[in-house]
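# have a look at this fold, sequence not included:
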């Protein structure tokens, strides 16, 4: 990645984080202080509404996955959506915050409005987060570089929300005259400029980044939903990471205790809480600095386990602190626990995107297709689990005393159950239970990670294999000049063929020598993957695979559906017959993918012409040249019509390509396999002659 890309991604990320800061407080969830403490919705109704919101998200997530996986654009899979989803998300956020909830007489009306906003957020806000979060996965194929860039990005992008959180209690005090954050006036002043600024900053990501997916140009972009779903369901690393997330649903039960100490127990002044927010907001800064070092030293898997074990310890330390609520300066002790916990959590969170990117690389290595969007769709299983486990936390809170009956017994009107937290005895009781729940959640969270074995070396090996496959799929004949990267990778693998990894002992081994031995061991491991790929068609299974592919290819487009090519092609041939019958009644014809190059070139030329027109129009306005303005406006209208026509052609070409690849899938698959087999054979012959 270039420095310009890294800078634009990071500063554009400041905008995404501003939107997240605001809209994140508008999402339904037990513990949400804007919807709960401020607007006055109890945990029970919040949970019910969140269930309905999640259910609405199922078809929307599936639609999102299909849009991402079937995007055929030179702009990329994710980049176009960062800006296009930020705008409607910002508009929805503004509408949410300016809705006059305090004037609505009916609680039911509040429920309906908040639910409708959240259904909108299910698509636009989640799409924005998914596009921005996944963009780094395709900006570089290098797992260590991705970890490095994520750390740099996190330092910069979190600057704006950190500053915002520092000023929030001070501004809140100035607006309300009280030490409280639970007043809608605060957010109506504070959030609108943040949302507008956030949307504007996302333009940097859209304009200055470039996706780099290691994939053949001849690969079919359209992927059937059911095929993608099945493929992801077989990805063991997806399940390991998902289980870690799903099982740890109670880990953040303690999350609101720090702010509750300020808002309900008067543990500090507004100025002190601003300082506390500033310190706590920087908890993620230090992990960003040390994470790249730790990735190189102990690897991402070991970081996951270590950070989660430390998490368990520091959450447990909150229990004796909570028991002393009301004591002088107790909030500072709580800050220490929360801060250190935030650091350990931050270390684990920092490598999360890199881990998810590695899992997607593994998926492409195994299946040959890039189906990133489908991971979100399969992740809906987590939403179902979330619905089942989501009832646990509000039930724990209610059982601990956060309920209407206790509020009434303490002399409150019962309209806001959080008033109970003003009572010290119940505060200690409720928060103590939440800390214990968090410890249990943290223990459950760490268990699956002991089974994760996708190392950095294994990821590099998979990317090397993908580069080799891509080269031979795109180049049916070996080049007569130059030495492509694929050849260099195979040359190095041949050089390390048959070598055994060195046994390394820490004692008595010089640092520099140990470093060299580790590097050679890594090359030996990568070589084993490449050699396995090069020789994949030489074994019995590989020979059978090629024999079946030859039968399909020999039958041609007109006869492959009648070829006896074994069970591996049975389901694909069945689908192909149905598709051909529907769309090619007079016989299937090969789709010419060069149409995309022509259309993309035309689209780029039109965009440049439109940009030149805008600049010329601005100059003509400054010079008050009315004749030039008329000509340029007319030209601009024509260019926009031309652009719309090109977009329609692209859409239709993409549709036709999807139909063809579904109809000819067995034939396309067979041709690709034969290209690989031919390439590996020619390379082996050339290597033997050179030797």
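Ah, there it is. Bear in mind that the values here come from a model prediction, so they are computed numbers and not experimental data. Numbering: from 1, shown residues only.

# quick one: contacts for residue 523?
492, 496 (C-beta atoms under 8 Å, 6 or more residues apart in numbering). To be clear about C-beta, it is placed using only N, CA and C from the backbone, and glycine gets the same treatment.

# check residue 185 too.
175, 176.

# which helix in this protein has the most residues?
helix 626-663 (DSSP state H).

# pLDDT on it, on average?
Averaged across helix 626-663, pLDDT comes to 89.

# which strands and helices lie in contact with it?
If you count contacts as 3 or more C-beta pairs under 8 Å, 6 or more residues apart in numbering; DSSP states H and E, helix 626-663 packs onto helix 570-583, helix 594-622.

# check which helices and strands the last one is in contact with.
The helices and strands touching helix 594-622, judged by 3+ C-beta pairs under 8 Å, 6+ apart, are helix 626-663.

# what's the following helix or strand after the helix it packs on?
Elements were assigned by DSSP states H and E; along the chain past helix 626-663, the next helix or strand is helix 665-690.

# could you give the angle of that following helix to helix 626-663?
Here helix 665-690 points in a direction 90 degrees away from that of helix 626-663 (axes from the mean of the first three to the mean of the last three C-alpha atoms, to 10 degrees).

# model confidence over stretch 99-109, on average?
Here the average pLDDT along stretch 99-109 is 86.

# got the end-to-end distance for it?
Start-to-end span of stretch 99-109 (C-alpha to C-alpha, to the nearest Å) is 11 Å.

# and it, what's buried?
Neighbour counts over stretch 99-109 (16 or more other C-beta atoms under 10 Å) mark 99, 101 as buried.

# and for stretch 393-403?
Buried residues in stretch 393-403 (16+ other C-beta under 10 Å): 393, 394, 396, 397, 398, 400, 401, 402, 403.

# can you check stretch 76-94 too?
76-79, 81-83, 85-86, 88-90, 92-94.

# what about it, distance to the chain center?
Computed by C-alpha atoms, centre = their mean, to the nearest Å, the chain-centroid distance of stretch 76-94 equals 14 Å.

# and if you look at stretch 407-424?
Offset of stretch 407-424 from its chain centre (C-alpha atoms, centre = their mean): 40 Å.

# just the closest of the buried residues of stretch 76-94 to residue 435, please.
Of all the buried residues of stretch 76-94, residue 93 has the smallest distance to residue 435: 32.3 Å, by C-beta to C-beta.

# quick check: that closest one touching residue 20?
No - counting by C-beta atoms under 8 Å, residue 20 is not a contact partner of residue 93; they are 10.3 Å apart.

# which other helices and strands contact the helix or strand where residue 342 lies?
Taking DSSP H and E as the criterion, residue 342 maps to helix 330-350. With contacts defined as 3+ C-beta pairs under 8 Å, 6+ apart, helix 330-350 has these neighbours: helix 143-157, helix 257-265, helix 270-281, helix 285-298, helix 300-316, helix 318-322.

# what's the closest of those helices to residue 14?
helix 143-157 (5.0 Å).

# so which elements touch the helix or strand just after that closest one?
Of the helices and strands lying after helix 143-157 in sequence (DSSP H and E), the nearest is helix 159-176. When contacts are defined as 3+ C-beta pairs under 8 Å, 6+ apart, helix 159-176 sits against helix 3-23, helix 184-208, helix 270-281.

# relative orientation of the first one and helix 143-157 in degrees?
Right, helix 3-23. 50 degrees.

# could you say what helices and strands whichever helix or strand comes after helix 3-23 packs with?
Later in the chain than helix 3-23, the nearest helix or strand by DSSP H and E is helix 43-69. Under the contact definition 3+ C-beta pairs under 8 Å, 6+ apart, helix 43-69 sits against helix 107-139, helix 225-233, helix 372-378, helix 380-389, helix 392-400.

# tell me the angle the longest one makes with helix 184-208.
Using the same axes, to 10 degrees, one finds that helix 107-139 and helix 184-208 are set 30 degrees apart in direction.

# now do helix 107-139 against helix 43-69, angle only.
30 degrees.

# buried stuff in helix 107-139?
110-111, 113-115, 117-139.

# quick one, which of the helices and strands packed on helix 330-350 gets closest to residue 590.
Counting by C-beta to C-beta, and looking across all of the helices and strands packed on helix 330-350, nearest comes helix 143-157 at 37.1 Å.

# just name the most buried of the helices and strands packed on helix 159-176.
Mean neighbour count (mean count of other C-beta atoms under 10 Å) peaks for helix 3-23 among these, with a mean of 22.

# leaving out chain neighbours, which residue sits closest to residue 333?
The shortest distance from residue 333 to any non-neighbouring residue, by C-beta to C-beta, 6 or more residues apart in numbering, is to residue 321 (4.8 Å).

# look up how far residue 332 lies from that neighbour.
In this view, residue 321 and residue 332 are 10 Å apart by C-beta to C-beta, to the nearest Å.

# any idea how far residue 278 lies from residue 271?
Note on residue 278: its distance to residue 271, by C-beta to C-beta, is 11 Å.

# just for the stretch 301-450 of the chain, where's the confidence low?
Within the stretch 301-450 of the chain, the ranges that satisfy pLDDT under 70 run 372-374, 376-380, 382-383, 386-387.

# I'd assumed residue 334 was in contact with the residue nearest to residue 333.
Yes - with contacts counted by C-beta under 8 Å, residue 321 reaches residue 334, the gap being 5.2 Å.

# quick one: low-confidence ranges for this structure?
69-75, 213-225, 228, 372-374, 376-380, 382-383, 386-387, 478-482, 505-509, 689-691.

# the residue nearest to residue 40 when sequence neighbours are not counted - how many residues pack around it?
Nearest non-adjacent residue to residue 40, counting by C-beta to C-beta, 6+ apart: residue 416, 5.1 Å away. Close neighbours of residue 416, defined as other C-beta atoms under 10 Å, add up to 18.

# many thanks, have a good one.
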